[in-house]
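> output the structure for:
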Amino acid sequence: MARPIKHGLDYFPFDVDFFSDEKLYAISGEFGIKGEITTIKLLCAVYRNGYYIEWTEMLKFKLLKELPSVSADLLDQIIKRLVKWDFFDKGLFDSASILTSKGIQRRYQTISAKMHRKNAISEYCLLDIPTAQETPPKSKPKRVAQPTPPSVADAPAPVIAKSPPIPIEESVATMLSDTIWSEPVCMRYHLTPEQFKQKVANFRLHCLSREKREHEDVVDAKRHFCNLLSQGKLDNISTSTTDTPTDYTYSGGFGSKDI
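Numbering: from 1, shown residues only. Purely as a prediction, here's the structure:
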């Protein structure tokens with residue numbers, strides 16, 4: 001008798017920057033360590049089942065038993081926030097109460113391939129699966145291979161141009177206008193809108209004082225900002241008036257709508 005295929009995983013990769021993710025900032029800022037532990041418990045439940053799990057009353061009561069300091073109402077609030085911040089896919093949760101995401105499914109595929117498992121993602125798939133793998137092509141009569149012209153065989157592979165770095169002024173302007181990113185950052189570090197604006201200005205001065213006038217992209221700049229902020233290196237940076245920012249217009253506010 002053939003051994004049944006195991007769909008769940010015995011382990012999953014845990015990034016050392018997991019708690020630096022901007023989605024976790026919002027959860028930690030609102031619910032503290034209870035929100036962080038609940039998120040890890042949910043990930044373990046998903047990967048133990050495979051690449052998704054259905055949010056049911058049974059799963060809810062099981063988690064409440066494993067998290068004695070978390071109430072049923074608090075657990076529901078954490079789930080709603082995780083869906084709101086796109087930690088879990090909102091469409092599948094609203095339509096079928098399914099907890100999964102593109103990132104979860106990509107990691108599941110990678111681990112299954114390393115373990116030589118033939119686990120296919122079929123139900124609730126969020127990834128683009130090549131259609132060529134679904135239906136094998138019909139066999140055709142063999143043809144004698146024609147010699148490849150030397151000019152084609154010797155042609156160099158196309159070079160993909162790397163995106164140019166972005167200047168610090170552009171990164172700062174984007175960070176001030178991106179409220180989806182700045183909201184959880186302010187919640188994480190308990191900053192008011194004015195304090196956040198000052199920290200970003202200090203970040204600009206910090207970079208200029210170290211001759212770092214560019215970043216690879218906006219994501220790199222945001223990561224650099226959060227690292228300096230967590231290390232307390234953006235406090236009380238003094239400089240001459242010539243180094244002050246020209247003008248950053250920022251009219252956004254912070255604070256999300258209630259669910």
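
> give me the mean pLDDT for stretch 95-115.
Mean per-residue pLDDT for stretch 95-115: 88.

> can you list the buried residues in it?
98, 99, 100, 101, 104, 105, 107, 108, 109, 111, 112 (16 or more other C-beta atoms under 10 Å). Where you see a C-beta, it was placed from the backbone N, CA and C, and this is true even at glycine.

> what of stretch 29-37?
Here stretch 29-37 shows 29, 30, 31, 34, 35, 36, 37 as buried, counting by 16+ other C-beta under 10 Å.

> just the buried residues of stretch 95-115: which are in strands?
By the criterion of DSSP state E, membership of the buried residues of stretch 95-115 in strands covers 98, 99.

> follow-up on the earlier one: and the buried residues of stretch 29-37, which two are the farthest apart?
29 and 37 (14.9 Å; C-beta to C-beta).

> avg pLDDT for stretch 124-140?
63.

> count of neighbours near the residue nearest to residue 81 when sequence neighbours are not counted?
Closest residue to residue 81 apart from its sequence neighbours, by C-beta to C-beta, 6 or more residues apart in numbering: residue 27 at 6.0 Å. When counting by other C-beta atoms under 10 Å, one arrives at 24 neighbours for residue 27.

> mind listing what residue 27 touches?
35, 36, 39, 78, 81, 82, 85, 87 (C-beta atoms under 8 Å, 6 or more residues apart in numbering).

> try 7 Å this time
By C-beta atoms under 7 Å, 6 or more residues apart in numbering, residue 27 lies in contact with 35, 36, 39, 78, 81, 82.

> flag the shaky bits of the chain, pLDDT-wise.
Applying pLDDT under 70 to the chain flags residues 1-6, 11, 16, 119, 129-162, 238-259.

> which stretches in it count as helices?
Under the criterion DSSP state H, the chain contains helices at 22-31, 33-49, 57-66, 72-84, 90-96, 102-114, 150-153, 168-177, 179-189, 193-209, 218-230.

> let's have those helices in JSON lines, adding distance to residue 236.
What follows is the helices of the chain, written out as JSON lines (distance: least, C-beta to C-beta, whole Å):
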{"stretch": "helix 22-31", "distance to residue 236": "23"}
{"stretch": "helix 33-49", "distance to residue 236": "29"}
{"stretch": "helix 57-66", "distance to residue 236": "43"}
{"stretch": "helix 72-84", "distance to residue 236": "33"}
{"stretch": "helix 90-96", "distance to residue 236": "41"}
{"stretch": "helix 102-114", "distance to residue 236": "38"}
{"stretch": "helix 150-153", "distance to residue 236": "63"}
{"stretch": "helix 168-177", "distance to residue 236": "18"}
{"stretch": "helix 179-189", "distance to residue 236": "15"}
{"stretch": "helix 193-209", "distance to residue 236": "8"}
{"stretch": "helix 218-230", "distance to residue 236": "13"}
